[in-house]
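Colleague: dropping a prediction and its sequence here:
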Amino acid sequence: MPRWGRRSAVAFLGVVLGLGAAAPAMAQVSDDLGVIGQLQYTDAAGNKVFVADVDVSIDDVGGATTDADGSFRIPVPGPGEYTIRLDLATLPDGVALKDPERATLQAKVSENADQRVIFPLVFGDGGAQGAESNFSVRRISQLTLEGIKLGLYLAMAAIGLSLIFGTTGLVNFAHAELITWGTLMAYFFNIYGLVATFGFLSALPPPFGGGVNFVFATLLATIMGGVLGYVLNRVVFRTARNAGVSLLAQMVMTIGLSILLRYVFVYFFGSRYRVYKDYASQRANEFLGMELTSRDATAMAVSVVILIAVGLGLTRTRTGRAMRAVSDNKDLAESSGINVERVISQVWIYGGALAALSGTFFGFDTVKWDLGTRILLLVFAAITLGGLGTAFGALVGALIVGVVINWSTLFIDTELKNMTALIVLILALLLRPQGILGKKQRIG
């Protein structure tokens, strides 16, 4: 085992042990928590109108009235689940809820920040106006932008999974936990600083204690994703390959490993949802009729840069060409002098790092112990549509899946939109099993 590999494994072990040291600190909660929101609607001319003087309340807690900019905030005593009610009688004439049955919402307030709730409003006839506005250019443009954002985040996770499949033939269900690992590591570094790794440094100032900036937390989380990817391959899957374990058995191992890691996460992290300390809640900026927060715009730009770098790395560097050679024909690559095991190890490191980075971005809204499991279906749909084992196919498939999922909300309820990924997966397998950029293979 290389010296740097031993050091990485020791660092990974230190992080896992450090989670136990940081666990007591997780019981500390903010003294200033609340539920926030902003009431607004779009008029016939497409202008945004804020709604003031509307009453919003939380059962057994209190209430608030919206300000001139339509915003409200209701303090709550602590983290937990709350019932928020909008008083329909206080809405101005002609303004109504898009869905009258959603005047009461459930919100889960985490330990570190306010929880935002949304009451979609329409002007005029709620049903007809809402249905008509669904197909406006503004609405479709916004959904397209949201789809591209989702696709970019998915692409980083999908490329790593696709490369692992291409070089080893392994369908890795534990890839979901690599995504979750990135989210949790970013959270711990952002909230606790290096105390997430070394508990005895908790009393020191940042970056050792008290949390680090989210940018540095993301960088550290990405590195830890690569470390976890290396450890999983070195300890579990390289051992399985050397022992001659079949790919089917290894796939079953990934399912068991996924369950194991998931409950290790929930043991240390807990089942309560949380948010990052930085950039947890931002107002959207309007651009060309579309809305996007500065946080999401930056994350999308970073994703584009990373994906371009991955593409250049695969096509212009010796390591990238070796990865593609092993993916195309492992035996031929080995006979030409390529160290296949070393390439596979590098793929796991880069795949783990990319998955962890995508996880940090997916965790912007809520940090969950099972976040990776929730989006694994979307990742599989992306790589199946683009072509199993092809990095560029994973990118194309992820962008298509992201846009299609968001466009589907024009016709179905938002809560059902991920169902579209399953439909895309089924159609891809039926109509083009090799994927968009995949190649047909003869079996037998």
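Modeller: Structure received. Bear in mind the structure is a predicted one, so any value in this text is a computation, not a measurement.

Colleague: care to break the protein down by domain?
Modeller: The record assigns the chain these domain ranges, following automatic domain parsing: 3-25+139-431, 33-132.

Colleague: rank those domains by pLDDT, which is bottom?
Modeller: When the domains of the chain are ranked by mean pLDDT, domain 33-132 comes last with a mean of 80.

Colleague: before we move on, the earlier item: I'd like the domains of the chain as JSON lines, with distance to G438 and mean neighbour count appended.
Modeller: Bear in mind the C-beta positions are built from the backbone N, C-alpha and C, glycine included. Rendered in JSON lines, the data for the domains of the chain read as follows (distance: least, C-beta to C-beta, whole Å; neighbours: other C-beta atoms under 10 Å):
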{"stretch": "domain 3-25+139-431", "distance to G438": "3", "mean neighbour count": "19"}
{"stretch": "domain 33-132", "distance to G438": "39", "mean neighbour count": "16"}
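
Colleague: how about CSV for those domains, with distance to L437 added?
Modeller: Rendered in CSV, the data for the domains of the chain read as follows (distance: least, C-beta to C-beta, whole Å):
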stretch, distance to L437
domain 3-25+139-431, 4
domain 33-132, 38
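
Colleague: could you list every residue that touches T104?
Modeller: With contacts defined as C-beta atoms under 8 Å, 6 or more residues apart in numbering, T104 is in contact with 83-86.

Colleague: could you do E334 as well?
Modeller: Applying C-beta under 8 Å, 6+ apart to E334 gives the contacts V340.

Colleague: all numbers from here: first residue = 32
Modeller: Right, with 32 as the first residue, what we last looked at is E365.

Colleague: which SS state does it fall under?
Modeller: Counting by DSSP: H, G, I helix; E, B strand; the rest coil, the backbone at E365 sits in helix.

Colleague: tell me which stretches of the stretch 232-381 of the chain form helices.
Modeller: When secondary structure is read from DSSP state H, counting those that start in this stretch, the stretch 232-381 of the chain shows helices at 245-263, 269-273, 278-300, 325-347, 349-359, 361-366, 371-393.

Colleague: what is the shortest one packed up against?
Modeller: Here helix 269-273 is seen to pack against helix 278-300, helix 371-393 when contacts are counted using 3 or more C-beta pairs under 8 Å, 6 or more residues apart in numbering; DSSP states H and E.

Colleague: same thing with the third one?
Modeller: If you count contacts as 3+ C-beta pairs under 8 Å, 6+ apart, helix 278-300 packs onto helix 34-53, helix 206-223, helix 269-273.

Colleague: tilt between it and helix 245-263?
Modeller: What separates the directions of helix 278-300 and helix 245-263 is an angle of 140 degrees, with axes from the mean of the first three to the mean of the last three C-alpha atoms, to 10 degrees.

Colleague: give me the contacts around stretch 251-268.
Modeller: So stretch 251-268 is in contact with 32, 36, 39-40, 42-43, 46, 191, 199, 201, 205, 209, 212-214, 216-217, 220, 243, 281, 284, 288, 375-376, 379-388, 390-391, going by C-beta under 8 Å, 6+ apart.

Colleague: CA-only coordinates of that stretch in CSV, if you can.
Modeller: Extracted C-alpha coordinates of stretch 251-268, given in CSV (Å, rounded to 0.1, in the frame of the first residue of the first chain):
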residue,chain,number,x,y,z
LEU,A,251,-12.2,19.7,2.6
ALA,A,252,-15.4,17.6,1.9
THR,A,253,-14.3,16.9,-1.7
ILE,A,254,-10.9,15.7,-0.4
MET,A,255,-12.6,13.5,2.2
GLY,A,256,-14.8,12.1,-0.6
GLY,A,257,-11.7,11.0,-2.5
VAL,A,258,-10.3,9.5,0.7
LEU,A,259,-13.5,7.5,1.3
GLY,A,260,-13.5,6.3,-2.3
TYR,A,261,-9.9,5.1,-2.0
VAL,A,262,-10.6,3.3,1.3
LEU,A,263,-13.7,1.5,-0.1
ASN,A,264,-11.8,0.3,-3.1
ARG,A,265,-8.6,-0.7,-1.2
VAL,A,266,-10.3,-2.4,1.7
VAL,A,267,-13.4,-3.9,0.1
PHE,A,268,-13.4,-4.1,-3.6
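
Colleague: how much space between M284 and G403?
Modeller: With the distance defined as C-beta to C-beta, to the nearest Å, M284 ends up 17 Å from G403.

Colleague: ok, now Y304?
Modeller: Taking C-beta to C-beta as the criterion, Y304 is separated from G403 by 14 Å.
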